[in-house]
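Asks: how would this look folded up:
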Amino acid sequence: MYTPPMFKPDRAASLAFAEARGFGTICAWDGKRPIASLLPFYLSYADDGTPQAAFHVARHNPLVNLADGTSSWLMAVSGADAYVSPDWYASPDQVPTWLYQAVHLTGPVRKQSDSELGLHLDALSAKFENWLAPKPPWTSSKMTAGRLDAMKKAIVGLVMTVEEIEGSFKLNQHKSDTDYAGVAEALASQADADAEQIARRMREVRPKAFANEEAFANETNRLERSVP
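Replies: Next comes the predicted model:
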């Protein structure tokens with residue numbers, strides 16, 4: 001991944017982003033062409049602190065035969081993204097760009113054992129069921145034993161030992177406060193969930209860029225309250 005220094009998050013931030021997203025594109029090389037699948041995953045850590053990404057694929061997915069535990073795979077995890085128009089900058093001579101957050105995890109992938117697979121499926125469903133709280137979580141115990149066993153036989157659990165972590169959080173960090181705030185405000189006004197999410201993230205990353213805007217809003221509110 002190409003990442004200019006101003007857009008590069010640290011290791012902890014990259015792993016936190018990947019874990020929070022929990023969905024990515026896994027890609028391997030079969031000797032002739034890349035093979036990829038989109039899938040949910042969760043992160044865990046070995047005793048020595050090495051990150052591990054656990055996921056599963058259909059048993060007939062060609063990725064299964066490539067999981068030899070030695071060849072390196074790539075997992076690309078993307079978040080919200082948004083187009084930026086040059087018209088949104090206060091400064092002249094700007095060009096169109098795209099803002100986004102993404103993390104790449106790289107490392108060898110091995111197959112899980114049958115005993116590991118059951119634990120993996122429970123951990124994976126628990127991760128995403130927690131997103132739906134206060135709904136009572138679904139668990140595999142709600143399935144009949146025969147049906148659960150049949151589903152397990154149709155998939156193969158896989159684990160990546162994460163050897164390299166790369167991230168790019170491209171949020172216009174290199175722009176002036178005025179340009180930065182102008183783009184964030186324009187994105188926040190778009191009827192697009194990704195644009196709104198990028199705008200919120202920009203405010204979180206660089207709140208001082210919006211200090212004048214907030215001061216103006218506070219003064220306006222004060223004056224409105226003082227009017228009899």
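Asks: so how far is stretch 160-179 from its chain's centroid?
Replies: 12 Å (Cα atoms, centre = their mean, to the nearest Å).
Asks: mind exporting that stretch as CSV, just the C-alpha atoms?
Replies: Provided in CSV are the C-alpha atoms of stretch 160-179 (Å, rounded to 0.1, in the frame of the first residue of the first chain):
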residue,chain,number,x,y,z
MET,A,160,-4.0,-15.5,8.8
THR,A,161,-0.9,-14.8,10.9
VAL,A,162,-0.5,-11.1,10.4
GLU,A,163,3.1,-10.2,9.6
GLU,A,164,2.6,-6.8,8.0
ILE,A,165,0.1,-4.0,8.8
GLU,A,166,-0.3,-1.1,6.5
GLY,A,167,-2.9,1.7,6.8
SER,A,168,-3.9,4.9,4.9
PHE,A,169,-6.3,7.3,6.5
LYS,A,170,-6.5,9.9,3.8
LEU,A,171,-8.5,12.8,5.3
ASN,A,172,-6.9,15.9,3.8
GLN,A,173,-4.6,16.2,6.8
HIS,A,174,-2.1,18.2,4.7
LYS,A,175,-4.6,21.0,4.0
SER,A,176,-5.0,24.3,5.8
ASP,A,177,-7.6,24.6,8.6
THR,A,178,-9.8,26.7,6.3
ASP,A,179,-9.7,24.2,3.4
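Asks: show me what counts as buried in it.
Replies: 160-162, 165-172, 175, 179 (16 or more other Cβ atoms under 10 Å). No exception for glycine: its C-beta is placed from N, CA and C like everyone else's.
Asks: strands - which of those land there?
Replies: 160, 161, 165, 166, 167, 168, 169, 170 (DSSP state E).
Asks: doesn't residue 103 make contact with the third one?
Replies: Yes: taking Cβ atoms under 8 Å as the definition, residue 165 is a contact partner of residue 103 at 7.0 Å.
Asks: which residues touch residue 86?
Replies: Neighbouring residues of residue 86 by Cβ atoms under 8 Å, 6 or more residues apart in numbering: 94, 95, 96.
Asks: residue contacts, residue 211?
Replies: Residue 211 makes no contacts at all, as judged by Cβ under 8 Å, 6+ apart.
Asks: and what of residue 46?
Replies: Residue 46 sits next to 52, 161 when contact means Cβ under 8 Å, 6+ apart.
Asks: please repeat the previous calculation with a cut-off of 6 Å.
Replies: With contacts defined as Cβ atoms under 6 Å, 6 or more residues apart in numbering, residue 46 has no neighbours.
Asks: re earlier: and the two most separated of the ones in strands among the buried residues of stretch 160-179?
Replies: The span of those, defined through Cβ to Cβ, is set by 161 and 170 at 27.7 Å.
Asks: and residue 195, which of the three is it?
Replies: Of the three states, residue 195 takes helix under DSSP: H, G, I helix; E, B strand; the rest coil.
Asks: helices along the protein, start to end?
Replies: 11-21, 114-129, 145-153, 177-188, 193-205, 211-226 (DSSP state H).
Asks: identify, by residue count, the longest strand of the protein.
Replies: Max-length strand for the chain by DSSP E is strand 97-111.
Asks: what's that strand packed up against?
Replies: Applying 3 or more Cβ pairs under 6 Å, 6 or more residues apart in numbering; DSSP states H and E, one finds that strand 97-111 makes contact with helix 11-21, strand 72-84, strand 155-161, strand 164-170.
Asks: between that strand and strand 164-170, how many degrees?
Replies: 160 degrees (axes from the mean of the first three to the mean of the last three Cα atoms, to 10 degrees).
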